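> Task: produce atomic coordinates for the following.
(one chain, ligands or ions: 2)
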Amino acid sequence: MKAKLALLASGTGTNVRNIIAHFENNDAITVDCVITNKSDAGALNFALEKDIDAFVFSKAEFNDGSVLELLKERGVTHVILAGFLLMISPALVDHFKDRILNIHPALLPNYGGKGMYGMNVHNAVYENKESKSGITIHLVNEEYDKGKILAQFEVDIEGCSPEEISSRVRDLEQQYFPGVIEDYITAN
Ligand SMILES: Nc1nc2c(c(=O)[nH]1)N[C@@H](CN(C=O)c1ccc(C(=O)N[C@@H](CCC(=O)O)C(=O)O)cc1)CN2
Ligand SMILES: NCC(=O)N[C@@H]1O[C@H](COP(=O)([O-])[O-])[C@@H](O)[C@H]1O
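Ligands and ions are numbered 1, 2, ... in the order given. Below you'll find the predicted structure:
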């Protein structure tokens, strides 16, 4: 069965851009749409550049069933959280059970949960003088960052500033996230 992805993002969209590029010539797995809660999200521009439908919804609409309805109407099979900063509702988690993937910019279970996003994560890792950081790709359940871990990748961060940590972690995201998505969908 062909897979249709909805990419959810709130920020600059480097992961959205990378995922779109990765699946551009893939007939089995396609990017159906990009959805954001921020009208100024960079992710919107990357979608429009590639003629991929893009939508902006409010936080309320993510929770009142509007986004779920759109996903059903479009026949989306998997939801990819690519720097999405709102809690995914129980209704969405239930409908897409084991079919929502998230990337977290740290080595869970450490440095996860409410408030742990973007530079907040890298600042905390820096303050705790960690020698390593990395990324975690996991299934999404009803809590922040508690779903089944699918993959983790580490990077040395000795002597790095929070900004340098962010850069090294982003490199891991670019290198691994699309492939983990593809492997998971292909195997399940
Ligand atoms: N049901 C789930 N929803 C989401 C998950 C998840 O695992 N289960 N992952 C997050 C992504 N994420 C970490 O990977 C994350 C994103 C945002 C927050 C957070 O604290 N957000 C703030 C609001 C920020 C804003 O509005 O700009 C908050 O909730 O107060 C924590 C973790 C995506 N959704
Ligand atoms: N906890 C969630 C979280 O912090 N996600 C992080 O937001 C960034 C989005 O960047 P992008 O918009 O350039 O893809 C990424 O580093 C991603 O890991």
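> Show me which residues of this structure sit near ligand 1.
Residues of the chain found near ligand 1 (C-beta under 6 Å from any ligand atom) are 81, 84-88, 93, 102, 104, 114-117, 140, 142-145, 147. C-beta: built from backbone N, CA, C; applies to glycine.
> at 8 Å what do you get?
8, 10, 37, 59, 81, 83-90, 92-93, 100, 102-105, 112-117, 138, 140-147 (C-beta under 8 Å from any ligand atom).
> quick one: the helices in the chain?
Per DSSP state H, the chain carries helices over the ranges 14-22, 42-49, 59-63, 66-73, 90-95, 119-127, 162-187.
> ok, the last one near ligand 2 or not?
Yes. Using C-beta under 8 Å from any ligand atom, we find that helix 162-187 touches ligand 2 at 166, 169-170, 173.
> With stretch 31-46 instead?
Yes. Using C-beta under 8 Å from any ligand atom, stretch 31-46 comes into contact with ligand 2 via 41-43.
> OK, contacts around residue 113?
144-145 (C-beta atoms under 8 Å, 6 or more residues apart in numbering).
> Of the residues of the chain next to ligand 1, keep whichever come out buried.
In the residues of the chain next to ligand 1, burial by neighbour count holds for 8, 10, 37, 81, 83-84, 86-89, 92-93, 100, 102-105, 112, 116-117, 138, 140-141, 144-145, 147, counting by 16 or more other C-beta atoms under 10 Å.
> one step back: out of the residues of stretch 31-46 next to ligand 2, flag the one nearest to residue 63.
For the residues of stretch 31-46 next to ligand 2, the minimum distance to residue 63 (C-beta to C-beta) is 18.4 Å, reached by residue 41.
> How many residues are close by that closest one?
Using other C-beta atoms under 10 Å as the criterion, residue 41 is surrounded by 23 other residues.
> If anything else comes up later, I'll come back, but that's it for now.
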